[in-house]
Structures are given as structure tokens and as C-alpha cells.
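K.L.:
With the sequence up front, the predicted model follows.
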Number of protein chains: 2
Amino acid sequence: MADEAPRRVTIGDVAALAGVSRAAVSKVVNGTGKISPATAARVQDAVRKLNWTPNAAAVALRRSRSRTIGLVLSRPGALEIGATSSLLISGLESVLAPRSYGLLLYLVDHTADDETRAYRTLAEDRRVDGVVLTDSRYGDTRFALMRSLGLPAVLIGTPADGDPVPHLDNDPPGAGVDDAVRHLLELGHTRIAYIGGPDDRVQARARHEMFDATMAAAGLQPVASIATDYSPESSADRTGRLLDAAGTRPTAIVYGSDPMAIAGVSAARSRGLVVPADLSVIGFDGLPIGAWLDPPLTSVHRDAVQRGRAVARRLLGLLGEDVGEPPPLDRPHLLVRGSTAAVR
Amino acid sequence: MADEAPRRVTIGDVAALAGVSRAAVSKVVNGTGKISPATAARVQDAVRKLNWTPNAAAVALRRSRSRTIGLVLSRPGALEIGATSSLLISGLESVLAPRSYGLLLYLVDHTADDETRAYRTLAEDRRVDGVVLTDSRYGDTRFALMRSLGLPAVLIGTPADGDPVPHLDNDPPGAGVDDAVRHLLELGHTRIAYIGGPDDRVQARARHEMFDATMAAAGLQPVASIATDYSPESSADRTGRLLDAAGTRPTAIVYGSDPMAIAGVSAARSRGLVVPADLSVIGFDGLPIGAWLDPPLTSVHRDAVQRGRAVARRLLGLLGEDVGEPPPLDRPHLLVRGSTAAVR
DNA sequence: CGCCTCGCGTAAATCGATTACCCTGTGCGT
DNA sequence: ACGCACAGGGTAATCGATTTACGCGAGGCG
């Protein structure tokens, strides 16, 4: 019968088996200090034989480094995580795992005081060496908070007001919207609307502005440029209202996300309109499922996995880890599928 | 100018400020030992004043408990996490966060040897107190591995071959498929097919079997009962083949997931068929986006958030945490939307 | 021959909290 | 007046690894 508690193997056991001191073992596995090849080999053997792994808590305590980073997802109204976040996570993991870093997930509601508390414990527990932040807002206090708490942080996206928080710099906010608009212009559309996310989100606002700017550059007045809460419901509602306005009905709408675009298509259909014949629609994010819809959804594709990878690299770099130069990000590009057509 | 390293506040600082020993502080914050109300108050004050939080690594080392649990997601071929996993995570977090447990994410490819190694380090690092496993397969060795490593584990789903791994017991495998089939029978369908996931997955196989059993109970022979790799591509392909078979074309198809159903609809359309007039379609998982499709997708809805919550409770219970009796799970139920209709 | 320098390891302090055990007063029963 | 129980709190060992400061022997050099 096996012992109740087989007592975990420690560095001491390895040292004993190899006939050296614990310090020697540590030096061998960390490659620090001077150890002769002969003893090193004996130690390696012992490690393998006992199947020893350094206790993460002990290392964390001694080094004040947990080899764990946090991902803070501000959870939207509903209790769910977006499809894009999933891809981000994959990207992060693909950089972290090979370096034996862990990824700790935090879901925080962003009611101001709950949020501050969440971030505070985040820093004080010292469970993570750094954090990845998402979804920057105007008047965002989180970056300042992280700085004052001394917790390295990297933002996915772009900070408002030139906040110095590290982020991916070749990730121009609003990029891709211009391509979408130009695509529509080439198809002959002039009556174009934009329905996107809330204006206190840096990214959503940047897209709005990019939309307006691109239209202006073409000498056109947008039919509408609307901020919503990102929900399919709002999108369907606002789309419906635009389509019901007899004289000023748009012939094309650009949306802030794929789900919003899908809801928009639904609203158009329920009014007897055909997409793309009567209304062209462009989404944002290029989710794979879009290809199977009818019509297949034209969308601005951004590679979330790639961005996750890049951010992970950036953060590890900040932590003094040796990661190569992060490869530059691909620009968002328009995935032309079937939901856009020449204006009649 | 602030010091380079402001040295983190420790229990010693709190003790000094309160004029007691470190042991006393520990006893106060943990509610162990005997401390007079007066000193307790002084300690509480000091804690608040210094904004102290116990160092997670130190506690983990001393108690051999990290207050962190791991979620192992076996990542499918593509580098992504399914929508259902996102909901699971939300559910888990909603139980873990209030108890100050962390959630550490592991993405593992399931090539056998890489997998074993991943799980091994999982247990030996001792970064987590327990793990949540997903996606049980036939001949799954992970549960035995976890047992032999002494790492508490709970499975989301049902183990094969009566493996004793803890899991949610009122979560009958295959449930919901019967409702889907009966719904179709009521609509007058008799030529029904099933296209689902791979047969080495316990859940996918259970659904197949449930499909076959329900058909048999109605005295019907399935048009087909097909195992695929869960991808939309395969689904579209197999759907197309069924529809092209002149004499034996099904009038209804039940799918193993919503994305598969969506791809199926696409395949039907490309052959000039109308859903649901010519073909009824039922998906699985009831993703919110399904409501906005055309036609809105009828689907078997299962509450992933709820399951996440239940599993978290179960695991914490195993770890000796005091969680109430987990509330029973809702049975999956059919969300009748617009993709099913009476047979012509 | 004496002294210094490497090379290779070891002993012991340390990270920050928890906890088993011990010490000191009081209050109370007899 | 003595002894005892118990409340209240302190001392020091401990968790498992890393790291600093040193010890020791061999070889080089003047």
C-alpha cells in the first residue's frame, strides 16, 4: 500500500542522490556558478532519476518572480468572453508556454471601484510578474495605477491621451476601416453609414474617426456614424432605424464587429432587403465562421493570434526575458467575401 | 525622488506598526489562535494602513497550497479556443474569484507524448492545487495520470469506461439529442441524418448513440450517422454528399455543433435548397449569434456558464474548501428557432 | 619555499508567511 | 495562600529553493 503522503521530492533528495550539496544542484540546473562537467552530469542524472522539478512557490518566493503573467479581460455586460479574446489567449500561450511562463486569467467587471480593488490585489499578491491589459478607454486610470503599483503592464491596443503605457506601436488604431470604406467607394457607394462600439473606448472611437476621415477625404458626408454598446441587439436596432428613414437610406454599412454586422444583415432582411444587392455590409474581425454565412461576410481581418504573440513578447522583454525582436504586425486587411456588391 | 525599489510591505512591517509579533498578525488575519479583540483591532488597522496583502508565494510555500487551479484546454487542430470554452471560463471564474482562487490556463496539443509531459510538469511544479479537464476521450490516460500524480482533477463531461474521475454526474452524455430528434419526428420527418464529432470523443460518441437509439425507438433507420473532425469544412463536405445522393436525401440533419450546422446550411444553399423548407437543420450549443442568422438556428442549448460554475464548486470541494451543495444542472433544452419546419 | 590565483564546492542566510510549542499573568476554587 | 486552568501572545522552526561569502587544494611564479 502506498504511503498516505509520499512527500514530494525536493532539491535535497537530488543533492543526496548525487552526493553533492543543494547549492551545487541549484547551480547545475540554473547554469550559474562553476561546476565541473563530471558533477554536473551526476546531478543531471539524479534529477532525471527522481523526476525532480523545482517547487514553483519556493522559487517564486526566493526570486520574487512567479513566472506567471496575468491577462485582464474586462468582461462585457454579459458574462462572456469574445471570440477575439480566445485567439489572443492562443497567441499569448504560444509564447509563454515554451518559456514555462503561466497565464493567469482575471475577469473584471469595470465598475470603477471594483476595478481598482481588483488591480490592487493583482499587484499586491504578487501572483503575477506583469499583466496584459485590453480594451483601453478614455480617462483610463488603470495604466497609472499599474505604474504606481510597480507592476509591468502592456496594453493590447492604443492608450488614450498619449499615456506612456507600453503597447504595440505598429498597430495603428482605426486601421482597416479606411480600406473598408475605399472598397465601398470603388463599388460606387456614396451613401455609407458606420455603426460601431462605444465612444469611450479608444479603439471604437478611432474607428469612427477613421471612418469620418476617409469619407471626408473622398468628399462625402456619412449617412450616419453611430456609437453603440457593441451588442447585436443595438446593432439591429440602429440598422433598422437607418433603413427605415425613407429619403436617406444608406446603400452600405460598415460595422464595428462581425456579430454586429450579422445582426445588421438580419435587420435588413426583415425589411425585405437583399444583401448585398440592396445593402452592402462589412464586418470587423474576420471570424472564420463568417465564411459560411449567406452571404459570406466581407470583413476587416486582424490577426488576433499574432497580436497575442507580439504582446507576450513585449511583456516578457519588459521582464528582462530574452525574447527576440518581435516581428512586425501585419496590417489589418479587408477580406472581401460576399456581403458587398456594386451599388445599383 | 522615490527609491528605486520601495521594498514591498511584509507581515513584519504590519507587526511593527501594530506593536505585536508577526505570529500575532498571522493569527488575526487567518482567524486562528487566540487574540484579544483589542489587539486584533490594532492589527486590522495596521493592515489597512499599510495596505498589506500576504505574499502569495510565501503562503503557497508554507501551506503547500497555491490557491490556484488549472484549466486544461486541449487545443483543436487550429490554434483556437471554442466559444463554449469561453463560457466555461466565465463560469469557473465566477466561483473562483470570490474565493480568491486564481485560474491558470493550459493549452495542450494532444499528441500523446507532449500531452503526458505537459500534465506531468503540471503536477510537479505544484503551481496549481487541482485541475479541470475537458474533452474526455476513449482510452484517455489523463485521469489515471492525474491520480498517480496525486493531483485532484475534475472532468467536464463524462469519462469513458466508467473511469472514477470526479465529474458532474447529473450531466447525462448525449442528452438533448433525443429532444432534437423528437422535435423533428413531430414535424413529420422520417429521413433524418446526424453529423457530429469524432468517435473517440466520449461526448461526440454519446450523441451519435443517442441519435441512433432515439431513431430506433421510433422505428426508424437513420439516413446516416457520421463522425467528423468537428470542422465546418468537413461538415459542409459531408452534408453536400448526403444531399447529392439522389434517392436517399435526408429532409433533416442534426449537427454536433452550431458552426457545423451553419456550414451545413451553407452547403444546402449552394445546392439550391431552402432551409427550412427543403431541409431542417438543428445545431448544438445554442450560441447567441445563432438567433441572428437567417434562418435563426434551432439548436440544443446547454448552459456552459452553469457547468463551469458547478465544476469549480466540485473541484474546490475536493480541495477541502467549503462550498455549498452545487445546484443541479439544467438539462439541455431545445431552442426552437427558425431552421426547422414541417416536412413537405 | 612561500604566496597568490583559480576551480570547484559547501555552509548558511534569505525570501515571507504559518504554526507547534512555550511563557506569563490573572482569576478562581479550596 | 496555593495551585491550576486558560486567555493572550511571543519564539523559533519550517516550507524549498537561490545566492552570497567563503574554504580548500592544486598549480604557477618569483
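P.N.:
Okay, I see it.

K.L.:
which ones are touching A:Met210?
P.N.:
With contacts defined as C-beta atoms under 8 Å, 6 or more residues apart in numbering or on different chains, A:Met210 is in contact with A:173-175, A:177-178. C-beta: built from backbone N, CA, C; applies to glycine.

K.L.:
Excluding residues flanking it in the chain, which one is nearest it?
P.N.:
Closest residue to A:Met210 apart from its sequence neighbours, by C-beta to C-beta, 6 or more residues apart in numbering or on different chains: A:Gly174 at 3.2 Å.

K.L.:
Run through the strands of the stretch 101-250 of chain A in chain order.
P.N.:
A:102-108, A:130-134, A:153-156, A:192-196, A:224-227 (DSSP state E, counting those that start in this stretch).

K.L.:
Go ahead and confirm A:Ala218 touches A:Glu186.
P.N.:
No. The pair A:Ala218 and A:Glu186 fails to qualify as a contact (C-beta atoms under 8 Å) at a distance of 10.5 Å.

K.L.:
So which of the two has more stuff around it?
P.N.:
More crowded of A:Ala218 and A:Glu186, by other C-beta atoms under 10 Å in any protein chain shown: A:Ala218, with 13 against 10.

K.L.:
Which other helices and strands does the least confident helix or strand in chain A by mean pLDDT contact?
P.N.:
Counting by mean pLDDT, DSSP states H and E, the weakest-scoring helix or strand in chain A turns out to be helix A:112-125, with a mean of 79. Other elements packing on helix A:112-125 under the criterion 3 or more C-beta pairs under 8 Å, 6 or more residues apart in numbering or on different chains; DSSP states H and E are strand A:68-74, strand A:102-108, helix A:142-149.

K.L.:
burial count for the residue of the stretch 51-200 of chain A found nearest DNA strand C?
P.N.:
Going by C-beta to the nearest atom of the strand, DNA strand C is nearest to A:Arg62 of the stretch 51-200 of chain A, at 3.6 Å. For A:Arg62, the neighbour count with other C-beta under 10 Å is 12.

K.L.:
Can you tell me the element it falls in?
P.N.:
Assigned by DSSP states H and E, A:Arg62 belongs to helix A:56-63.

K.L.:
Could you confirm whether that helix reaches DNA strand D?
P.N.:
Yes. Contact of helix A:56-63 with DNA strand D is found when judged by C-beta under 7 Å from any atom of the strand, involving A:58-59, A:61-63.

K.L.:
will you turn these into CSV that also has pLDDT?
P.N.:
Compiled in CSV, those are given as follows (pLDDT from 0 to 100):
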residue, pLDDT
A:Ala58, 97
A:Val59, 97
A:Leu61, 96
A:Arg62, 96
A:Arg63, 95
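
K.L.:
and chain A, which residues reach DNA strand C?
P.N.:
Proximity of chain A to DNA strand C is assessed by C-beta under 7 Å from any atom of the strand, with A:19-24, A:27, A:33-36, A:38-40, A:58, A:61-62, A:64 identified as the residues in range.

K.L.:
Just the buried ones among those, please.
P.N.:
Neighbour-count burial (16 or more other C-beta atoms under 10 Å in any protein chain shown) applied to these gives A:20, A:24, A:27, A:35, A:39-40, A:58, A:61.

K.L.:
now, the most widely separated pair of these?
P.N.:
Every pair in those was compared (C-beta to C-beta); the two farthest apart turn out to be A:Thr39 and A:Leu61, at 26.7 Å.

K.L.:
Sketch out the low-pLDDT regions of chain A for me.
P.N.:
With pLDDT under 70 as the threshold, chain A has low-confidence stretches at A:1-6, A:76-81, A:111-112.

K.L.:
Regarding the residue most central in space within it, what is its secondary structure?
P.N.:
Of all residues in chain A, the one closest to the mean position by C-alpha atoms, centre = their mean is A:Leu88, 4.5 Å from it. Three-state secondary structure (criterion: DSSP: H, G, I helix; E, B strand; the rest coil) places A:Leu88 in helix.

K.L.:
which residues does it contact?
P.N.:
For A:Leu88, the contacting residues are A:71, A:134, A:156, A:304-305, A:307-308, A:311, taking C-beta under 8 Å, 6+ apart as the criterion.

K.L.:
Going by distance to A:Asp237, which of those wins?
P.N.:
Using C-beta to C-beta, A:Thr134 is the member of these that lies nearest A:Asp237, at 26.3 Å.

K.L.:
Run through the residues that contact the residue nearest to the closest one when sequence neighbours are not counted.
P.N.:
The shortest distance from A:Thr134 to any residue that is not its chain neighbour, by C-beta to C-beta, 6+ apart, is 4.9 Å, and that residue is A:Ile156. By C-beta under 8 Å, 6+ apart, the residues touching A:Ile156 are A:88, A:132-135, A:167-168, A:307-308, A:311.

K.L.:
Let's have those residues in CSV, adding distance to DNA strand D.
P.N.:
Supplementary listing: the contacts of A:Ile156 in CSV, determined by distance: C-beta to the nearest atom of the strand, whole Å:
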residue, distance to DNA strand D
A:Leu88, 30
A:Val132, 25
A:Leu133, 28
A:Thr134, 32
A:Asp135, 35
A:His167, 30
A:Leu168, 31
A:Arg307, 32
A:Gly308, 28
A:Val311, 27
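
K.L.:
Reformat those as CSV; add distance to A:Ala224.
P.N.:
Putting the contacts of A:Ile156 into CSV (distance: C-beta to C-beta, whole Å) gives the following:
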residue, distance to A:Ala224
A:Leu88, 31
A:Val132, 34
A:Leu133, 31
A:Thr134, 28
A:Asp135, 24
A:His167, 30
A:Leu168, 31
A:Arg307, 30
A:Gly308, 33
A:Val311, 34
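
K.L.:
Mind jotting down where the helices sit in chain A?
P.N.:
If you assign secondary structure with DSSP state H, the helices in chain A sit at A:11-18, A:22-30, A:37-50, A:56-63, A:83-96, A:112-125, A:142-149, A:177-186, A:202-217, A:232-244, A:258-269, A:304-318.
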